[in-house]
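Colleague: missing the sequence, but the structure's below:
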């Protein structure tokens, strides 16, 4: 709450717009997890109970509902209120037609109406890409003009200095989008609107939010604020059912028909590895998403398990220098630090079947982290 | 709501049943092309050597040509032979888009052309 007040007092300066935006974000994204605590109004009760070390505030858990989908290996959330709660409190899930937050309906509505537009992140990215394309066109034209100038100067016997040549070519730091660029993007949008005006029916939201199995299990088991149903079922799935179902979808199709637990439950099931990894980093306060610069490397305690495994786990073979260098370079370019996370899979001989039927088996797994950075002698001092 | 009751499942059910390993990539790519990218006249092209179906349709930016897309998943490894057979089954278009699907439904499109092609700018 104190950070909100500070932003308000700074709002009177020239950074008014930035301060208000930050202010809003601090309010919208204030809760790091879906669970919240109830506010207790009576200060006397709070102080009195506080002497005994008891807090009268109660834990509030939102009851969100999701549907299990084995084909896309995810849990679908369709209710708009649930979607908002899960996204705003912890950034769980992803819209299946958007880059992150479900914004398909907003984007489609924007295309149809010119007034009262809410800008989405996809539109900001599209605008940035259009401007960059225009810059590249201008630069290409500049280079061609400079080359033509140099040719004619050579033919005449004149010399052109390097500064004059550089002046013709626009640089990324100083280029500004000209009004003609904005006209191009506007005319493109009008084209869209022309087509869409004919169809004046109200838009049905075709998008849903998708939670990965790790996120869904975390919300159901660790936080108890999500219930998952099978499609067309009335009752929610129980935790043991969810545990088995999530692991079964990772099996190849011909093995999924078997219902005996011995054939399904294995310590190297991708769901177990991914969940262990997810839980570890969420507990540290990180938001784990696809494209996270932490690479999960499974390590088999018993090499024989790797041979008998029906899963082909990626990164389980010793990796090559090329792979490591590529990953390291790509991550450095997007300014992320590479962390290699070694998760040790216990041997089948050491883990009993009873342990595998519940999350108790996670006690047998362990994780080690190694941070890798490129050493550039010219830039580093230690 | 789930895949089987989704409005677009009816069009894709044959391909999803025939190629269960690529079912997730097929379903997600089709929905992205139809609803998010707003492609029109999308037809399903069977690609048996690649073990999946592909799509051909018209992009809003380029309505005069039919663009081809092959879905695949991030975890898969694909070979040059696989890509060449995809080009073959689409009847040798100039370029094919590879739709790489991640587990959380993010899709990245890579443009593949035959031979060495200079970028436009």
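Modeller: Nice, I can see it. In this text, all values refer to a predicted model and were calculated from it rather than measured experimentally. Residues are numbered from 1 along each chain as shown, chains lettered A, B, ... in the order given.

Colleague: pLDDT weak spots in the stretch 101-250 of chain A?
Modeller: In the predicted model, the stretch 101-250 of chain A carries pLDDT under 70 at residues A:114-117, A:178-201.

Colleague: Which residues of the stretch 101-250 of chain A lie near chain B?
Modeller: Counting by C-beta under 8 Å from any C-beta of the partner chain, the residues of the stretch 101-250 of chain A lying close to chain B are A:104, A:133, A:136-137, A:139-140, A:192, A:206-208, A:210, A:212, A:231. Where you see a C-beta, it was placed from the backbone N, CA and C, and this is true even at glycine.

Colleague: Narrow the residues you listed to those that are buried.
Modeller: Under a neighbour-count criterion of 16 or more other C-beta atoms under 10 Å in any protein chain shown, the subset of these counted as buried comprises A:104, A:136, A:139, A:206, A:207, A:208, A:210, A:212.

Colleague: for chain B, what spans make up the strands?
Modeller: B:40-47, B:52-59, B:62-73, B:95-101, B:107-113 (DSSP state E).

Colleague: With the stretch 101-250 of chain A instead?
Modeller: A:209-212, A:226-229 (DSSP state E, counting those that start in this stretch).

Colleague: Quick check: which of these is nearest to residue A:58?
Modeller: Among those, the nearest to residue A:58 by C-beta to C-beta is strand A:226-229 (19.3 Å).

Colleague: and residue B:120, how far is that from residue B:66?
Modeller: Here the distance between residue B:120 and residue B:66 works out to 20 Å (C-beta to C-beta, to the nearest Å).

Colleague: Have a look at the two and say which one is more surrounded.
Modeller: Comparing residue B:120 with residue B:66 by neighbour count (other C-beta atoms under 10 Å in any protein chain shown), the higher total belongs to residue B:66, at 15 against 8.

Colleague: Dig out what the residue nearest to the more buried one when sequence neighbours are not counted forms beta bridges with.
Modeller: When the adjacent residues along the chain are set aside, residue B:66 lies closest to residue B:56, with 5.1 Å between them (C-beta to C-beta, 6 or more residues apart in numbering or on different chains). According to DSSP bridges, the residues that bridge with residue B:56 are residue B:43, residue B:68.

Colleague: quick one: contacts for residue B:56?
Modeller: B:42, B:43, B:45, B:66, B:67, B:68, B:69, B:90 (C-beta atoms under 8 Å, 6 or more residues apart in numbering or on different chains).

Colleague: before we move on, what about residue B:54?
Modeller: Shown here is residue B:54, whose contacts under the criterion C-beta under 8 Å, 6+ apart are B:44, B:45, B:47, B:68, B:69, B:70, B:71, B:86, B:89, B:90.

Colleague: Now render those residues as JSON lines, adding neighbour count.
Modeller: Putting the contacts of residue B:54 into JSON lines (neighbours: other C-beta atoms under 10 Å in any protein chain shown) gives the following:
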{"residue": "B:44", "neighbour count": "16"}
{"residue": "B:45", "neighbour count": "16"}
{"residue": "B:47", "neighbour count": "22"}
{"residue": "B:68", "neighbour count": "23"}
{"residue": "B:69", "neighbour count": "25"}
{"residue": "B:70", "neighbour count": "28"}
{"residue": "B:71", "neighbour count": "26"}
{"residue": "B:86", "neighbour count": "24"}
{"residue": "B:89", "neighbour count": "18"}
{"residue": "B:90", "neighbour count": "18"}
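
Colleague: Dump those residues into TSV; add pLDDT and distance to residue A:119 as well.
Modeller: Output for the contacts of residue B:54, formatted as TSV (pLDDT from 0 to 100; distance: C-beta to C-beta, whole Å):
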residue	pLDDT	distance to residue A:119
B:44	93	35
B:45	92	37
B:47	92	39
B:68	95	33
B:69	95	28
B:70	95	33
B:71	95	30
B:86	92	37
B:89	92	41
B:90	91	37
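
Colleague: Now residue A:99: closest residue in space that isn't a chain neighbour?
Modeller: In space, residue A:99 comes closest to residue A:122 once its chain neighbours are excluded; the distance is 5.8 Å by C-beta to C-beta, 6+ apart.

Colleague: Relative to residue B:37, how far out is that neighbour?
Modeller: From residue A:122 to residue B:37 the distance is 11 Å (C-beta to C-beta).

Colleague: Which of the contacts of residue B:56 sits closest to residue A:355?
Modeller: Comparing the contacts of residue B:56 against residue A:355 with C-beta to C-beta picks out residue B:69 as the nearest, at 44.5 Å.

Colleague: how close does that closest one get to chain A?
Modeller: For residue B:69, the distance to chain A under the criterion C-beta to the nearest C-beta, to the nearest Å works out to 16 Å.

Colleague: Thought residue B:30 was touching that residue, still the case?
Modeller: No. The pair residue B:69 and residue B:30 fails to qualify as a contact (C-beta atoms under 8 Å) at a distance of 9.1 Å.

Colleague: who touches both of those two?
Modeller: Residues touching both residue B:69 and residue B:30 (C-beta under 8 Å, 6+ apart) are residue B:55.

Colleague: Tell me the secondary structure at the spatially most central residue of chain A.
Modeller: For chain A, residue A:289 is the residue whose C-alpha lies nearest the centre (C-alpha atoms, centre = their mean; 3.9 Å). Residue A:289 carries the three-state label coil when classified by DSSP: H, G, I helix; E, B strand; the rest coil.

Colleague: now swap in residue A:369 and tell me
Modeller: strand.

Colleague: hey, what's it bridged with?
Modeller: Listed by DSSP bridges, the beta-bridge partners for residue A:369 are residue A:341.

Colleague: I'd like the distance between it and residue A:296.
Modeller: Applying C-beta to C-beta, one obtains 11 Å for the distance of residue A:369 from residue A:296.

Colleague: ditto for residue A:143
Modeller: 44 Å.

Colleague: ok, back up a step: for residue A:369 and residue A:296, list the residues in contact with both.
Modeller: In terms of C-beta under 8 Å, 6+ apart, residue A:369 and residue A:296 are both contacted by the residues residue A:341.

Colleague: quick one: contacts for residue A:208?
Modeller: A:76, A:77, A:78, A:95, A:96, A:102, B:1.

Colleague: Could you check how far it is from residue A:89?
Modeller: Residue A:208 is 18 Å from residue A:89, by C-beta to C-beta.

Colleague: And residue A:37, by the same measure?
Modeller: In this structure, residue A:37 lies at 12 Å from residue A:89, with C-beta to C-beta as the measure.

Colleague: Also residue B:4?
Modeller: Distance from residue B:4 to residue A:89, counting by C-beta to C-beta: 30 Å.

Colleague: Show the contacting residues for residue A:264.
Modeller: Contacts here follow C-beta under 8 Å, 6+ apart; on that basis residue A:264 touches A:244, A:247, A:248, A:251, A:255, A:258.

Colleague: Please work out which of the strands of the stretch 101-250 of chain A is packed deepest.
Modeller: Mean neighbour count, computed with mean count of other C-beta atoms under 10 Å in any protein chain shown, is highest for strand A:209-212 among the strands of the stretch 101-250 of chain A, reaching a mean of 25.

Colleague: That one packs against which elements?
Modeller: For strand A:209-212, the contact count by 3 or more C-beta pairs under 8 Å, 6 or more residues apart in numbering or on different chains; DSSP states H and E identifies strand A:74-77, helix A:80-88, strand A:94-95 as packing neighbours.

Colleague: neighbouring contacts of it?
Modeller: The list of residues contacting strand A:209-212 from outside it, by C-beta under 8 Å, 6+ apart, reads A:66, A:72-78, A:83, A:86-87, A:92-96, A:102, A:219, A:274, A:290, B:103-105.

Colleague: rerun that using 7 Å as the cut-off
Modeller: Among residues not part of strand A:209-212, those counted as contacts by C-beta atoms under 7 Å, 6 or more residues apart in numbering or on different chains are A:66, A:74-77, A:83, A:92-96, A:102, B:103-105.
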